[in-house]
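Enquirer: structure for the following, please:
(one chain, ligands or ions: 1)
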Amino acid sequence: MAEATRHTDDMKTPEELYRYLVDRVAGMESQNQELKEQIRQLESDKRYIETQKIRYEREVRKLKSEIEHLKTPPLIVGTVTDIIDPGRVVVRSSAGPRFLVRVSQSVNPDVLKAGARCTLNQQSLAIVEVLPSTYDSQVYGMELVDAPSETYEDIGGLEKQIMEIREAVELPMTRPDLFEKIGINPPKGVLLYGPPGTGKTLLAKAVAHETHAIFLHTVGSELVQKYIGEGARLVRELFDLAKEKAPSIIFIDEIDAIGASRTEAMTSGDREVQRTLMQLLAAMDGFEQRGDVKIIGATNRIDILDAALLRPGRFDRIIEIPLPDANGRYSILKVHTRNMNLADDVNMMEIAQMTDGRNGADLNAICMEAGMFAIRKEHSQVSHEDFLNALNKFRYDFEKDQRLIAAGAMFA
Ligand SMILES: Nc1ncnc2c1ncn2[C@@H]1O[C@H](COP(=O)(O)OP(=O)(O)OP(=O)(O)O)[C@@H](O)[C@H]1O
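Expert: Down below sits the predicted model:
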């Protein structure tokens with residue numbers, strides 16, 4: 001201020017004073033502009049920081065609730081078996097034992113019914129919530145086909161086996177009256193056994209097609225679960241589902257995974273497999289012999305199966321599905337080439353004779369490969385030479401696989 005006064009005192013004329021004041025005002029205005037710009041900048045920084053703060057607060061809340069979630073003890077899954085009164089219910093835990101438990105007030109009493117799946121508090125075993133009443137997703141995860149498209153015409157050879165399975169599975173489903181009239185019980189289950197790729201699944205699907213049945217396809221190893229009681233529950237639900245969808249055919253491939261005979265030294269894993277087998281036996285014993293649910297098992301290892309599975313009332317028909325002989329291979333080749341454009345020189349019997357030891361799946365692959373040879377040469381027909389080339393390639397691949405397996409065994 002003193003300096004400003006000194007300056008104005010120095011002014012000689014009003015013009016000088018006027019110019020001085022104009023300059024001062026201009027300077028202050030530009031300073032004002034700068035300050036306004038700074039305020040705008042600071043306000044935008046403030047807004048950015050505020051939104052960041054809100055974001056971080058949200059993040060912290062999420063992490064806190066995640067921590068809470070992780071800290072909550074797991075709930076036990078159980079099934080309601082009996083309702084004594086709205087507050088007291090008998091449940092069977094997935095581990096097996098039954099308990100009389102209390103029900104949390106948050107549970108809607110209308111959905112609490114016998115058979116409902118629920119979660120239980122680990123300490124008090126009180127019912128915390130009722131799970132949706134669908135069958136287990138793992139059971140639904142298996143292949144469930146509404147009358148498969150495969151027919152007996154798609155099967156090469158196996159005439160005797162087709163006849164046997166028609167008698168044991170198809171007839172009781174399509175003509176139950178015949179069995180009633182005579183007064184005999186049809187077989188409950190049929191076991192197909194033989195080497196891989198010989199048409200066991202194909203045969204089971206064809207029966208389902210013929211009987212317009214739902215085809216429930218599961219694999220024994222899928223039923224073996226890590227957790228105690230889970231495998232048995234899956235079996236129970238599989239049979240419940242089959243009953244609900246009847247007429248239906250349950251097809252259990254690799255049944256040896258749960259049905260291998262018991263050994264002396266059992267690990268806890270073995271005991272779980274054992275429990276699953278017990279449930280399968282109980283389920284088979286529990287359903288109507290003349291009903292419209294049939295069970296077909298398949299295995300490559302009948303030699304290791306538990307005798308309990310083969311008792312009457314369980315798998316009471318055992319059908320061998322062997323590797324095809326030359327005539328069988330000829331029929332299979334015919335099936336797989338019926339839609340192919342074949343040249344006149346194709347001698348299918350010769351191909352059948354050259355494929356000793358091959359199964360139906362191999363023969364299917366050979367036909368496809370022969371077709372690929374023709375396509376590569378841009379031919380419109382598949383020739384005998386294409387089949388021979390396919391056979392050679394197949395033999396080469398097979399021998400290569402064998403060498404790799406042998407090498408693997410050496411380094412194992
Ligand atoms: N007898 C057959 N007639 C026609 N095709 C066959 C025959 N056997 C096998 N195949 C062909 O091989 C494929 C595999 O057969 P499939 O799955 O039925 O064998 P599988 O005996 O059930 O084998 P795995 O024991 O490995 O389960 C079939 O989809 C079919 O293309």
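Enquirer: flag every residue of the stretch 101-250 of the chain that's near the ligand.
Expert: 155-158, 196-202 (C-beta under 6 Å from any ligand atom). All C-beta atoms are positioned from the backbone trio N, CA, C, and that covers glycine.
Enquirer: so Val190: helix, strand or coil?
Expert: Going by DSSP: H, G, I helix; E, B strand; the rest coil, the secondary structure assigned to Val190 is strand.
Enquirer: go ahead and confirm it touches Thr299.
Expert: No. At 11.9 Å, Val190 does not count as touching Thr299 under the criterion of C-beta atoms under 8 Å.
Enquirer: which residues in the stretch 251-400 of the chain form strands?
Expert: 293-299, 315-320 (DSSP state E, counting those that start in this stretch).
Enquirer: ok, which of these comes nearest the ligand?
Expert: Closest to the ligand of those, according to C-beta to the nearest ligand atom: strand 293-299, at 5.8 Å.
Enquirer: tell me the angle that closest one makes with strand 315-320.
Expert: Counting by axes from the mean of the first three to the mean of the last three C-alpha atoms, to 10 degrees, strand 293-299 points 40 degrees away from the direction of strand 315-320.
Enquirer: now do strand 293-299: everything it contacts.
Expert: Under the criterion C-beta atoms under 8 Å, 6 or more residues apart in numbering, residues 165, 169, 172-173, 188-193, 200-201, 204, 207, 213, 239, 242-243, 246-256, 259, 284, 287, 305, 309, 315 lie in contact with strand 293-299.
Enquirer: kindly format the C-alpha coordinates of that strand as CSV.
Expert: C-alpha atoms of strand 293-299 as CSV (Å, rounded to 0.1, in the frame of the first residue of the first chain):
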residue,chain,number,x,y,z
VAL,A,293,-38.5,-97.8,-15.4
LYS,A,294,-35.8,-100.1,-16.7
ILE,A,295,-32.1,-100.1,-15.9
ILE,A,296,-29.3,-101.1,-18.2
GLY,A,297,-25.8,-101.3,-17.0
ALA,A,298,-22.7,-101.6,-19.1
THR,A,299,-19.1,-102.7,-18.2
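Enquirer: what's the first helix or strand after the helix or strand containing Val25?
Expert: For Val25, the host element (DSSP states H and E) is helix 14-71. Next helix or strand after helix 14-71 toward the C-terminus (DSSP H and E): strand 76-85.
Enquirer: please identify the buried residues of the helix or strand following that next one?
Expert: Downstream of strand 76-85, the next assigned helix or strand under DSSP H and E is strand 88-93. For strand 88-93, the neighbour count (16 or more other C-beta atoms under 10 Å) marks 89-93 as buried.
Enquirer: in its sheet, which strands sit next to strand 88-93, and in what direction?
Expert: Strand pairing for strand 88-93, determined by DSSP bridges: strand 76-85 (antiparallel), strand 98-102 (antiparallel).
Enquirer: distance of the single nearest residue of the stretch 301-412 of the chain relative to the ligand from Arg166?
Expert: Taking C-beta to the nearest ligand atom as the measure, the stretch 301-412 of the chain has Gly360 as its residue closest to the ligand, at 2.1 Å. To Arg166, Gly360 is 19 Å away according to C-beta to C-beta, to the nearest Å.
Enquirer: which of the two has more neighbours?
Expert: The residue with more neighbours, out of Gly360 and Arg166 and counting by other C-beta atoms under 10 Å, is Gly360; that gives 27 against 16.
Enquirer: and the more buried one, what is it in contact with?
Expert: If you count contacts by C-beta under 8 Å, 6+ apart, Gly360 has them with 156, 197-199, 202, 324, 332.
Enquirer: reformat these as TSV; add neighbour count.
Expert: Compiled in TSV, those are given as follows (neighbours: other C-beta atoms under 10 Å):
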residue	neighbour count
Gly156	23
Gly197	18
Thr198	26
Gly199	27
Leu202	21
Pro324	26
Ile332	29
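Enquirer: I'd like those as TSV, with secondary structure and pLDDT appended.
Expert: Listed next are these as TSV, based on DSSP: H, G, I helix; E, B strand; the rest coil; pLDDT from 0 to 100:
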residue	secondary structure	pLDDT
Gly156	coil	92
Gly197	coil	91
Thr198	coil	94
Gly199	coil	93
Leu202	helix	94
Pro324	coil	94
Ile332	helix	95
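Enquirer: quick one: which of those residues is nearest to Gln52?
Expert: For these, the closest approach to Gln52 (C-beta to C-beta) belongs to Gly197, at 62.8 Å.
Enquirer: okay, now the closest residue to the closest one other than its chain neighbours: neighbour count?
Expert: Excluding its sequence neighbours, the residue lying closest to Gly197 (C-beta to C-beta, 6 or more residues apart in numbering) is Ala361, at 3.3 Å. The tally of other residues near Ala361 (other C-beta under 10 Å) stands at 14.
Enquirer: same check, this time on Arg19
Expert: Look at Arg19: counted by other C-beta under 10 Å, it has 12 neighbours.
Enquirer: report the separation between it and the ligand.
Expert: 103 Å (C-beta to the nearest ligand atom, to the nearest Å).
Enquirer: tell me the pLDDT at that residue?
Expert: Confidence at Arg19, expressed as pLDDT, is 89.
Enquirer: pLDDT score for the residue lying closest to Phe287 once chain neighbours are set aside?
Expert: Spatial nearest neighbour of Phe287, excluding adjacent residues (C-beta to C-beta, 6+ apart): Val293 at 5.8 Å. You'll see Val293 listed with a pLDDT of 87.
Enquirer: can you give the distance from stretch 338-346 to the centre of its chain?
Expert: 39 Å (C-alpha atoms, centre = their mean, to the nearest Å).
Enquirer: correction: stretch 212-223
Expert: The chain centroid and the centroid of stretch 212-223 are separated by 11 Å, computed with C-alpha atoms, centre = their mean.
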